[in-house]
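Colleague: A predicted structure for the sequence below; I have some questions about it.
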Protein chains: 2
Amino acid sequence: MRGRWYEEFRRGETWRSPGRRISRRDIRAFAGLSGDHNPLHIDSLYARRGPFKGPIAHGLLGLAVASGLLDRLGIVRETVLAFVGMDWRFVRPIRSGDTLRVNLRVLAKRKTGQSDRGLVTLASVIVNQKGKPVQEGRWTLLVHRRPGASSD
Amino acid sequence: MRGRWYEEFRRGETWRSPGRRISRRDIRAFAGLSGDHNPLHIDSLYARRGPFKGPIAHGLLGLAVASGLLDRLGIVRETVLAFVGMDWRFVRPIRSGDTLRVNLRVLAKRKTGQSDRGLVTLASVIVNQKGKPVQEGRWTLLVHRRPGASSD
């Protein structure tokens, strides 16, 4: 099912994604794919002596999973052209076994010079199974306008 | 080999990472791990009709690879405590076959309330094999101070 055209987003609208559990296997796979083998993520003995008292997921794994949850929500399916930018804060660690969701709210919309697309800014919060924010910020997406919409 | 303590970073200092080539397999692996199966990334026929005239890597895959290149540089190895936040722009598409590097520069340093750590902000640019920036912005990292450094 197709997602929304630019025109169909409304300021203040909100969504809550389905959940996804983060496994140790996800963390190892992310280390392999990214090349970030920081022992905070993959060496339990090292990580236990550190500030988090155990291994934590790469922050960017949490963000990657959130982008997948956005895809599953379907709101920009086949209507998003590009991820344009973000302001982002990693506020709490994510551990294997945590279940993440992403809460989204439309903050702003803006037309661009090109008549077939527009920018949509979402306030995004990744929350864990306790409802605590683990990451938050703003994502700006370039979204198709409705085909045949007036080009003004 | 251990990276730098907070005290050892100097404003204006720069680094250039080794390169890494992005493969179609990396893109498929990232789709599977993140859950973002947007056809822009994994369906060549769909992507060829789109604005990029072919499949592109997930922007967050490029960012993940850049974090791995930072790890390989070794400058924060076993001294980084956490990725705190970023401002980030995705400026050009990344395609399979592209080779990415990350160029880094120390923008700012700031002590925190805790005497054993400080914040280091890096200006980061991911460039492709043509030397064109594909992503850029700022990363803020929490870095250990030298053990036994004065706590003022």
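Modeller: That came through, no problem. Numbers count the residues shown, from 1 in each chain, chains lettered A, B, ... in the order given.
Colleague: only C-alpha atoms for contact and neighbour calcs from this point on.
Modeller: Fine.
Colleague: and the pLDDT at A:D152?
Modeller: What the model reports as pLDDT for A:D152 is 47.
Colleague: which residues sit against the longest helix belonging to chain A?
Modeller: For chain A, the longest helix by residue count, based on DSSP state H, is helix A:59-73. Outside helix A:59-73, the residues that touch it by C-alpha atoms under 8 Å, 6 or more residues apart in numbering or on different chains are A:17-20, A:27, A:30, A:76-77, A:90, A:93-94, A:100-102, A:126, A:135, B:31, B:33-38, B:60, B:64, B:83.
Colleague: which of those count as buried?
Modeller: A:17, A:19-20, A:27, A:30, A:76-77, A:90, A:93-94, A:100-102, A:126, A:135, B:31, B:33-38, B:60, B:64, B:83 (16 or more other C-alpha atoms under 10 Å in any protein chain shown).
Colleague: angle of the longest helix of chain A against helix B:59-73?
Modeller: 170 degrees (axes from the mean of the first three to the mean of the last three C-alpha atoms, to 10 degrees).
Colleague: so which residue is dead centre in chain A?
Modeller: Nearest to the geometric centre of chain A sits A:A66, at 3.3 Å (C-alpha atoms, centre = their mean).
Colleague: ok, A:R28 to A:R21 distance?
Modeller: According to C-alpha to C-alpha, to the nearest Å, A:R28 and A:R21 sit 14 Å apart.
Colleague: same question for A:D87.
Modeller: Remark: distance between A:D87 and A:R21 (C-alpha to C-alpha) = 24 Å.
Colleague: same check on A:L60?
Modeller: 15 Å.
Colleague: any low-confidence regions in chain A?
Modeller: A:149-152 (pLDDT under 70).
Colleague: chain B contacts on that one?
Modeller: For chain A, the residues in contact with chain B (C-alpha under 8 Å from any C-alpha of the partner chain) are A:26, A:29-31, A:33-39, A:51, A:59-61, A:64-72, A:77-78, A:81, A:83-91.
Colleague: show me where chain A has its strands.
Modeller: A:14-16, A:20-21, A:80-90, A:99-111, A:117-127, A:133-144 (DSSP state E).
Colleague: the shortest one - contacts with which helices or strands?
Modeller: Other elements packing on strand A:20-21 under the criterion 3 or more C-alpha pairs under 8 Å, 6 or more residues apart in numbering or on different chains; DSSP states H and E are strand A:99-111.
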